[in-house]
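Engineer: Task: produce atomic coordinates for the following.
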Amino acid sequence: MLYWIYCSTQVSCTWSGFDRLVFLLVAMETAQALARWISEPMTWAEICARYPDQWVCLVEMDRVHPAGFDFRTARVIGHGKTRREPVDQALAWRDDYKVIGHYFKGRITVRSPRPTVILDDETRDTFFGRRR
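Structural biologist: Numbers count the residues shown, from 1 in each chain. Predicted structure coming up:
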């Protein structure tokens with residue numbers, strides 16, 4: 001429950017650092033408690049249709065094979081456009097679930113890193129042999 005601390009302009013209101021910290025922690029715990037939301041069990045196709053091009057955090061995954069990726073159904077506890085959004089939403093559930101899956105429904109476009117080679121005399125000799 002969130003407790004609002006009211007300071008009027010007529011009364012001297014001084015907050016110590018500890019008071020501010022306690023107030024912020026109470027507000028954060030309340031926000032997390034209100035943010036606890038879980039979907040009904042859905043298949044991967046249903047998840048893809050409901051959350052296109054979004055990151056999702058899944059729990060209660062009914063796996064086809066215990067060590068595999070494929071699952072029959074799962075429940076969504078977080079979703080968002082960035083990688084961080086669903087994780088923030090899933091933090092409220094971390095005490096309730098041992099395994100939380102983090103998946104992306106969409107096309108991942110990552111440029112492959114290009115190797116950088118500094119071509120000095122020693123490197124040139126290593127690649128092309130010693131020249132005299």
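Engineer: When you work out contacts or count neighbours from here on, use the C-alpha atoms and nothing else.
Structural biologist: Will do.
Engineer: Can you find the helix or strand of this structure with the lowest average pLDDT?
Structural biologist: Averaged element by element with mean pLDDT, DSSP states H and E, the chain has its least confident helix or strand at helix 17-34 (a mean of 52).
Engineer: Could you report the neighbour count for Thr123?
Structural biologist: A count of neighbours around Thr123, defined by other Cα atoms under 10 Å, yields 12.
Engineer: meant to ask about His102, not that
Structural biologist: The local packing of His102 (other Cα under 10 Å) involves 17 other residues.
Engineer: how about the strands of this structure, start to end?
Structural biologist: In the chain, the strands defined using DSSP state E lie at 54-59, 75-80, 101-105.
Engineer: Let's have these in TSV, adding mean pLDDT and distance to Pro86.
Structural biologist: What follows is the strands of the chain, written out as TSV (pLDDT from 0 to 100; distance: least, Cα to Cα, whole Å):
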stretch	mean pLDDT	distance to Pro86
strand 54-59	93	6
strand 75-80	94	4
strand 101-105	87	8
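Engineer: Please tabulate these in TSV and include distance to Thr123 as additional columns.
Structural biologist: Converted to TSV, the strands of the chain look like this (distance: least, Cα to Cα, whole Å):
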stretch	distance to Thr123
strand 54-59	43
strand 75-80	46
strand 101-105	41
